[in-house]
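**Q** With the sequence up front, the predicted model follows.
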Amino acid sequence: MLPIQFSLPKMNLINAKKRSLLMKLGCLTTLLVTTSYTSLFPNLSGLNRAIALTDDKVFVGYFQSWSETWASTPEELQLSKIAPYVNMVIVSFMKPDATYIQGSYDLSYTGLNFSADPKVVKDAIALLKQRNPNTKVLLAVGGASYTNFAQLNATAIANVVSDFGFDGVDIDYEPDDNAVCSYVGSQISCTTDTEFRSVVSQVREVLPRPYLVTVAAWSIGAYGEGQWTDSQPKGQKTGLLLNLLRSSEAAMIDQLHVMSYDAGTSYNPQEALAAYQNYFSGKVVMGVEVPPEAWGGHVYTIPTVENLAQEVVNKNAAGLMLWSLQKQPEGTVSNDNPNAEMIAKTSCQILSLGNCEQPLFSTDSSTSQSNLKTEITITSDWDTGFCSQLAVTNQGDTSVENWRFKFQMNQATLESTWNGTFTSSSSDSSQYTVIPDDWMQAIAPNQTRNVGFCANKTGSDYQPQNLVAEQL
């Protein structure tokens, strides 16, 4: 709720006393409005829930590290090319019992299966967030293959998050068939309850807010009690999330990603959404899977995706989740056998995320624009240093709204800069990226923009070169 603001006319007729009276009236009105909302939500958690439910929708995409191609530059990795409507990307999977030394950038013992150099992966994450400032990138821990949460190495997880620039962790706690849920009186109790709560607590301890901690929730994990006692299908993991969601650790969770697939044809995701919203006061995201699903024979067609997306909107849930961004359907792609891009664009439209016409992955690895002409000028030069100007001119017929410079500088270090933010690549310190200041983001036809810097020489090959302007 925004405070009510009064615009005071700039007239000599309003003297100091009148201004003071109006200001007091504004404060009183704001207090009355706030009091009204407090009466509607008598505790803070209720008010927080009301605010959370009005947040913009999210579309979450799981990104398979093992499906990423090898590349020598971040621009070539698919991870850097994901469309902005996928505003939460979850990179999968890290072992819960992984070994990782902070600052080593050695992913060999983490479970992550990128073929590219880890520092290129780090730069791809940074580039994705630079291109899509509203996108969060999380690290998935666990999954069906990595289940040793009993030996959770929370410190290693936190170090990977820090080193690679992740925004948090998605806990994919998928216990094996030894996990059993059964009734104790009228309530469900699971053999994994204590461990599940401990995992959430340990992860949150090493990743305090504003880091995000989300949980991948079992399809039938909120079934088994109350009006959902007989919800189908029933299985040994019915109610797997219930004790976590009514524990104190539930407040440590920012968002649930319900794996509302691989549950057979009797499963009703709309019913599952209602159950999860009943037990969890935070954000609930419902999942869909590119066909075929691993078990049960159910298929998410475009009409069923539309129905679930509309239910998310109608019930004021947080959004949709996709497993996975790179998975390909078997057979001919159609509305009855959709690929990831079809599902993503459909979800984007119903959730009103914007830019839904963009491909799921950009096909242009460089995004360089032939209409953007660049020029390097050395404006001053002395024994130990120099200053340079980088210029770009829009030679096209339409305005460019978002762009950046990239250039190479081998034997010099930056001393001062202006009109932009300069960063060097973590994998190659001679490669620089420049994001222009906000007031320079737009370039009209025939307009020129300039950024500049001064640098200290460290050798004879000091002059900037290979200047490129890219439209984002």
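**A** Nice, I can see it.

**Q** Give me the average confidence score over stretch 172-187.
**A** Stretch 172-187 carries an average pLDDT of 93.

**Q** who's in contact with it?
**A** Residues outside stretch 172-187 that contact it (C-beta atoms under 8 Å, 6 or more residues apart in numbering): 92-93, 140-144, 147, 149, 188-192, 196, 199, 215-216, 218, 224-225, 236-240, 242. Every residue, glycine included, has its C-beta placed from N, CA and C.

**Q** same check, this time on stretch 323-338
**A** Against stretch 323-338 from outside (C-beta under 8 Å, 6+ apart): 61-64, 67, 78, 82, 86, 89, 92, 259, 261, 287-292, 299-303, 305, 339-340, 342, 344, 346, 360-361.

**Q** How far away from the center of its chain is stretch 128-139?
**A** Centroid displacement of stretch 128-139 relative to its chain, using C-alpha atoms, centre = their mean, to the nearest Å, is 5 Å.

**Q** Span of it from start to end?
**A** End-to-end span of stretch 128-139 (C-alpha to C-alpha, to the nearest Å): 15 Å.

**Q** And the contacts of that stretch?
**A** Stretch 128-139 is contacted from outside by 79-84, 86-91, 94, 125, 157, 160-161, 164-170, 212, 214, 404, 433, 435, 472, using C-beta under 8 Å, 6+ apart.

**Q** cool, and stretch 236-249?
**A** For stretch 236-249, contacts defined as C-beta under 8 Å, 6+ apart pick out 175, 177, 179-181, 187-190, 192-193, 196-197, 200-201, 204, 215, 217-218, 220-225, 250, 256, 276, 279-280.

**Q** and it, average pLDDT?
**A** On average, stretch 236-249 scores 97.

**Q** Now do the buried residues in that stretch.
**A** For stretch 236-249, a neighbour-count test (16 or more other C-beta atoms under 10 Å) marks 237-245, 247, 249 as buried.

**Q** Mind picking the two most distant members of these?
**A** The most widely separated members of the buried residues of stretch 236-249, counting by C-beta to C-beta, are Thr238 and Glu249 (20.4 Å).

**Q** Which pLDDT value goes with Leu127?
**A** Listed pLDDT for Leu127 reads 91.

**Q** and Cys190, what does it touch?
**A** By C-beta under 8 Å, 6+ apart, the neighbours of Cys190 are 179-182, 196, 237, 239-240, 242-243.

**Q** and which of the residues you listed is nearest Asp461?
**A** Phe196 (56.6 Å).

**Q** residues near the closest one, how many?
**A** A count of nearby residues for Phe196, using other C-beta atoms under 10 Å, gives 22.

**Q** tell me which element it is part of?
**A** Phe196 belongs to helix 193-206 when assigned by DSSP states H and E.

**Q** which stretches of the stretch 251-400 of the chain form helices?
**A** With helices called from DSSP state H, counting those that start in this stretch, the stretch 251-400 of the chain shows them at 269-279, 302-314, 340-351.

**Q** pLDDT averaged over the first one - what is it?
**A** Meaning helix 269-279. Averaging pLDDT along helix 269-279 yields 98.

**Q** Give me the helices and strands touching it, please.
**A** strand 255-258, strand 283-289, helix 302-314 (3 or more C-beta pairs under 8 Å, 6 or more residues apart in numbering; DSSP states H and E).

**Q** any idea how far stretch 219-228 is from the chain center?
**A** Offset of stretch 219-228 from its chain centre (C-alpha atoms, centre = their mean): 29 Å.

**Q** What's the end-to-end length of that stretch?
**A** Termini of stretch 219-228 sit 13 Å apart (C-alpha to C-alpha).

**Q** what about that stretch, average pLDDT?
**A** 98.

**Q** can you list contacts of that stretch?
**A** 181, 183, 186-188, 229, 231, 233-235, 237-242, 245, 258-263, 267, 271-272, 275-276, 278-280.

**Q** List the ones among these that fall in strands.
**A** 181, 183, 187-188, 258 (DSSP state E).

**Q** So among the residues you listed, which ones count as buried?
**A** Looks like the ones in strands among the contacts of stretch 219-228 have 181, 188, 258 buried, using 16+ other C-beta under 10 Å.

**Q** could the residues you listed go into CSV alongside distance to Thr379?
**A** Formatted as CSV, those follow (distance: C-beta to C-beta, whole Å):
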residue, distance to Thr379
Cys181, 71
Ile188, 72
Val258, 58
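
**Q** so after the lowest-mean-pLDDT helix or strand in the chain, what's the next helix or strand?
**A** Lowest mean confidence among the helices and strands of the chain (mean pLDDT, DSSP states H and E): helix 44-52, at a mean of 34. Sequence-wise, the next helix or strand downstream of helix 44-52 (DSSP H and E) is strand 58-64.

**Q** report the angle between the axes of that following strand and helix 340-351?
**A** Interaxial angle, strand 58-64 versus helix 340-351 (axes from the mean of the first three to the mean of the last three C-alpha atoms, to 10 degrees): 160 degrees.

**Q** Listing partners with orientation, what would you give for strand 58-64?
**A** strand 88-94 (parallel), strand 319-323 (parallel) (DSSP bridges).

**Q** Extract the CA atoms of the last one and return them as PDB.
**A** Backbone C-alpha positions of strand 319-323 (Å, rounded to 0.1, in the frame of the first residue of the first chain) are rendered in PDB as follows:
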ATOM      1  CA  GLY A 319       3.400 -18.900 -11.500                       C
ATOM      2  CA  LEU A 320       4.400 -22.000 -13.500                       C
ATOM      3  CA  MET A 321       7.600 -24.100 -13.600                       C
ATOM      4  CA  LEU A 322       8.900 -26.100 -16.600                       C
ATOM      5  CA  TRP A 323      10.900 -29.300 -16.600                       C
END
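
**Q** returning to what we had before: which one of the buried residues of stretch 236-249 is nearest Thr99?
**A** Glu249 (25.7 Å).

**Q** on that earlier part again, among the helices and strands packed on helix 269-279, which is nearest Tyr105?
**A** Of all the helices and strands packed on helix 269-279, strand 255-258 sits nearest to Tyr105, with 27.6 Å by C-beta to C-beta.

**Q** Can you lay out the helices of the stretch 251-400 of the chain as a markdown table showing mean neighbour count?
**A** Below are those laid out as a markdown table (neighbours: other C-beta atoms under 10 Å):
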| stretch | mean neighbour count |
| --- | --- |
| helix 269-279 | 20 |
| helix 302-314 | 17 |
| helix 340-351 | 22 |
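
**Q** looking at those helices, which is closest to Val392?
**A** helix 340-351 (31.2 Å).

**Q** which one of the helices of the stretch 251-400 of the chain lies closest to Asn410?
**A** Nearest to Asn410, of all the helices of the stretch 251-400 of the chain, is helix 340-351, at 40.2 Å by C-beta to C-beta.

**Q** send the alpha carbons of that closest one over as PDB?
**A** Only the C-alpha atoms of helix 340-351 are listed here, as PDB (Å, rounded to 0.1, in the frame of the first residue of the first chain):
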ATOM      1  CA  ALA A 340       9.600 -26.400 -24.300                       C
ATOM      2  CA  GLU A 341       9.300 -23.200 -26.400                       C
ATOM      3  CA  MET A 342       5.600 -23.800 -27.000                       C
ATOM      4  CA  ILE A 343       4.900 -24.400 -23.400                       C
ATOM      5  CA  ALA A 344       7.000 -21.400 -22.300                       C
ATOM      6  CA  LYS A 345       5.300 -19.000 -24.800                       C
ATOM      7  CA  THR A 346       1.900 -20.200 -23.800                       C
ATOM      8  CA  SER A 347       2.700 -19.700 -20.100                       C
ATOM      9  CA  CYS A 348       4.200 -16.300 -20.800                       C
ATOM     10  CA  GLN A 349       1.000 -15.100 -22.500                       C
ATOM     11  CA  ILE A 350      -1.400 -16.200 -19.800                       C
ATOM     12  CA  LEU A 351       0.900 -15.000 -17.000                       C
END
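
**Q** Having no further points to raise, I will conclude here.
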